[in-house]
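Trainee: quick one, what's the 3D model for this:
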Amino acid sequence: MVVSIHELKKIDLRDGVILNGFPSVGLVSSIVGNYVIESLGLEQIGIVDSDYFPSVALVREWEPLSPVRIYGGDLKDDVKIAVFISEFQLPVQLIRPLASLILDWSDDKRASMIITPEGLVAEKSDEVNIYGIGSTEYAKKRIPDYVLKFQEGVITGVSGVLLTEGKMRDRDVIALLAEAHPDYPDARAAGKIVEVLNDMLRGVKIDPQPLYEEAKKIEENIASIREKAAQVKQIPKNYMYA
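Mentor: Residues are numbered from 1 along each chain as shown. Predicted coordinates for the structure are as follows:
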């Protein structure tokens with residue numbers, strides 16, 4: 001098998017939600033996934049393995065971690081959630097097998113839904129728009145009314161395969177797409193998706209404010225770098241240091 005799951009701990013995910021946290025535009029998916037894991041105190045329950053994954057170990061708090069991991073938990077108010085997470089860009093040949101594996105695992109665990117956050121390249125403004133699309137009619141009804149309908153366009157990567165294969169299998173998959181900047185980690189876009197998740201997932205309340213504060217820091221740093229770069233461009237070509 002091209003990709004496989006090694007479970008470290010068995011948890012009950014019946015009627016729960018599975019979240020996709022693979023890198024996307026502005027790293028929105030990865031930021032959302034990591035933030036949900038940290039905010040809800042989820043524990044690592046599995047490893048996704050493949051000979052085609054990069055030969056690396058991610059080290060955090062003196063702990064070596066695999067490139068692709070699964071975190072989960074059975075929270076208060078009977079909220080069940082699992083998150084597939086990675087900080088590395090997947091090889092193209094693994095995207096379809098991995099999406100199929102997530103759907104197979106979701107079926108085995110009898111989870112009710114897969115939610116896949118995504119970044120959407122768009123002209124930036126002060127307002128970050130969120131779009132949604134579902135693989136089934138029921139999935140579409142689960143999307144809050146204030147989320148804009150993704151009427152036309154292309155969704156690539158794991159999210160795209162989850163949607164199309166989810167439709168073929170009659171499995172409920174929802175993609176939430178936030179307008180994001182493609183050139184740096186967009187924590188603001190991730191925060192907007194967290195707000196939508198709060199409304200969609202019964203019993204889950206995650207404070208998005210730290211993400212907005214992080215977004216402000218990133219934007220200020222980028223503005224400073226651009227200002228310095230502009231100053232460098234203004235130096236005459238014949239400028240000589242003393």
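Trainee: my guess is residue 89 contacts residue 23. True?
Mentor: Yes - using CB atoms under 8 Å, residue 89 is in contact with residue 23, at 5.4 Å. Just so you know, the C-beta spots here come from the backbone N, C-alpha and C atoms, and that holds for glycine as well.
Trainee: higher neighbour count, the two?
Mentor: Remark: of residue 89 and residue 23, residue 23 carries more neighbours, 21 against 11, as counted by other CB atoms under 10 Å.
Trainee: center of the protein - which residue?
Mentor: residue 29 (1.6 Å; CA atoms, centre = their mean).
Trainee: flag every buried residue along the host helix or strand of that one.
Mentor: Using DSSP states H and E, residue 29 sits within helix 28-40. Within helix 28-40, the residues scored as buried using 16 or more other CB atoms under 10 Å are 28, 29, 30, 31, 32, 33, 34, 35, 36, 37, 39, 40.
Trainee: and residue 35, what is it in contact with?
Mentor: The contact partners of residue 35, by CB atoms under 8 Å, 6 or more residues apart in numbering, come to 190, 194, 206, 211.
Trainee: need the max-distance pair from these.
Mentor: Distance extremes for the contacts of residue 35: the farthest pair is 190 and 206 at 10.9 Å, using CB to CB.
Trainee: the two: who's more crowded?
Mentor: residue 190 (30 against 19).
Trainee: is the more buried one in a helix, a strand, or coil?
Mentor: When the structure is reduced to helix, strand and coil (DSSP: H, G, I helix; E, B strand; the rest coil), residue 190 reads as helix.
Trainee: ok, now which ones touch it?
Mentor: 26, 28, 31, 32, 35, 117, 178, 211.
Trainee: repeat for residue 24
Mentor: Residue 24 neighbours (CB under 8 Å, 6+ apart): 30, 117, 118, 119, 157, 159, 180.
Trainee: got phi/psi on it?
Mentor: In terms of degrees, to the nearest 10, the main-chain angles of residue 24 are phi -140, psi -170.
Trainee: re the thing from before, tell me the one of the contacts of residue 24 nearest residue 95?
Mentor: Nearest member of these to residue 95, counting by CB to CB, is residue 157, at 5.9 Å.
Trainee: report pLDDT for residue 72.
Mentor: We have a pLDDT of 94 for residue 72.
Trainee: what do you get for residue 58?
Mentor: pLDDT, residue 58: 83.
Trainee: from residue 192, how far off is the closest residue to it other than its chain neighbours?
Mentor: Distances taken as CB to CB, 6 or more residues apart in numbering place residue 65 nearest to residue 58, at 4.4 Å, with adjacent residues excluded. Distance, residue 65 to residue 192, by CB to CB, to the nearest Å: 27 Å.
Trainee: now residue 205
Mentor: Residue 205 is 16 Å from residue 192, by CB to CB.
Trainee: who has more neighbours, these two?
Mentor: More crowded of residue 205 and residue 192, by other CB under 10 Å: residue 192, with 26 against 10.
Trainee: from residue 135, how far out is that one?
Mentor: For residue 192, the distance to residue 135 (CB to CB) stands at 22 Å.
Trainee: likewise for residue 198?
Mentor: 22 Å.
Trainee: between these two, point out the one with more neighbours.
Mentor: residue 135 (23 against 13).
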